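1. Next one to model:
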Amino acid sequence: MGRVDKAELAIVLRTARSRLTPADVGLPGGHRRQVPGLRREEVAHSAGLSVDYIVRLEQGRGPKPSEQVLRALTRALRVSESDRDLIFRLAGVEPPQAGRIPLVIRPSVLRLLDRMADLPALVLSAKSDVLACNSLATALLGDFSGYPPGERNLLWQRFLGTGIDRLVTTQEAEAADAVDCVGCLRTAHAKYPDDPGLVRLLTELRTGSSRFDELWRAGRAGQLRSRAVTLAHPDLGTLELDCDVLLVPEADQAVVVYSTAPGTQSASALDLLRVTGLERFGVR
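-> Below you'll find the predicted structure:
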């Protein structure tokens, strides 16, 4: 690997973008579009890349994309595994191999996410990467696509960033949840010891967070659990929600869904969020 076929890569990327509709990625259709498919701006936002970078790639004059960029781009374009591997090879990069954490979401799971229009939902990888969010989850939790690809991870944000600082718990509950979160990563490490993204994430967490390193050295395994959570939304106030985890075993991924009992204050807040969504709550 190493040689980049820029002309063919440009054709494949343009074709992949033209196959998508706004509805495929949970966006409103808006006015009639002059050409089929998503706009470059929409793909760039979803992938966390600049519009100019997308333009240059589609015109066959961009630089050689990194593996990280290719992962983000193929996720944003929602391509199949075979198309993802083609894009990687055309870019001169070895496609993801066995023993790597799956980061491509099955089309059926994406359709499921799109249908959950009235509940906040997101898809997580085995190492807690936020692979996809519906618009209601973005309005509730913040826009993870606004972060660099390496920081679109719940554990990175928890121990090194501020991306999930809306979570409010008692000291005891926070401690137990932190143990479970770190245990999940240990479980992933046992299954994917050579995954470069996981190795990089562990290095950053252990060197950057003494709390994470302490929990990691405790050597406990863990798993994602359905539980009740309290969120402090900057506009809606405190929300009491149920967080359910739906596993996708073949892909080693999880769909996380937030809901609440009808007739509660939190249910009314979610109703308001469904109506206003991102138009009113411009969250990062």
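2. From now on I want contacts and neighbour counts done on CA atoms only, so please keep to that.
-> Noted.
3. Worst mean pLDDT across the helices and strands of this structure, which element?
-> In the chain, the helix or strand scored least confidently by mean pLDDT, DSSP states H and E is strand 167-168, which has a mean of 60.
4. All the strands of the stretch 151-284 of the chain, residue numbers only.
-> Using DSSP state E, counting those that start in this stretch, the strands of the stretch 151-284 of the chain run over 167-168, 227-233, 237-248, 253-259.
5. Redo those strands as TSV? Include distance to A176.
-> Shown next, in TSV, are these (distance: least, CA to CA, whole Å):
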stretch	distance to A176
strand 167-168	13
strand 227-233	12
strand 237-248	16
strand 253-259	19
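6. Compare these and say which comes out lowest on pLDDT.
-> Ranked by mean pLDDT, these bottom out at strand 167-168, which scores a mean of 60.
7. Contact partners for the closest residue to L103 other than its chain neighbours?
-> Among residues not flanking L103 along the chain, S125 sits closest, at 6.3 Å (CA to CA, 6 or more residues apart in numbering). Residues in contact with S125 (CA atoms under 8 Å, 6 or more residues apart in numbering) are 101-103, 131, 252-254.
8. Kindly calculate the angle that the helix ranked longest in the chain makes with strand 227-233.
-> Criterion DSSP state H: the longest helix present in the chain is helix 171-191. Helix 171-191 and strand 227-233 meet at an angle of 110 degrees, taking axes from the mean of the first three to the mean of the last three CA atoms, to 10 degrees as the criterion.
9. Tell me the buried residues in helix 171-191?
-> Within helix 171-191, the residues that count as buried by 16 or more other CA atoms under 10 Å are 177-189.
10. go on, stretch 258-270?
-> Using 16+ other CA under 10 Å as the burial criterion, the residues of stretch 258-270 that qualify are 258-260, 266-270.
11. What separation do you get for the nearest residue to V79 once chain neighbours are set aside and S66?
-> What sits nearest to V79 in space, not counting adjacent residues and going by CA to CA, 6+ apart, is A16, at 7.1 Å. Distance, A16 to S66, using CA to CA, to the nearest Å: 19 Å.
12. And the buried residues of stretch 258-270, which two are furthest apart?
-> Using CA to CA, the pair of those lying farthest apart is Y258 and S268, separated by 14.0 Å.
13. what about F144, neighbour count?
-> F144 has 26 neighbours, counted by other CA atoms under 10 Å.
14. nope, D129 is what I was after
-> 20.
15. from now on call the first residue 827
-> Got it, first residue is 827 now, which makes that one D955.
16. Quick check: beta-bridge partners of it?
-> On the basis of DSSP bridges, D955 is bridged to N979.
17. Do I have it right that it meets P975?
-> No - shown here, D955 and P975 do not form a contact pair, counting by CA atoms under 8 Å, at 9.1 Å.
18. Okay, now the unreliable bits of the protein?
-> Regions of the chain meeting the criterion pLDDT under 70 cover residues 827, 852-861, 924, 989-1001, 1103-1110.
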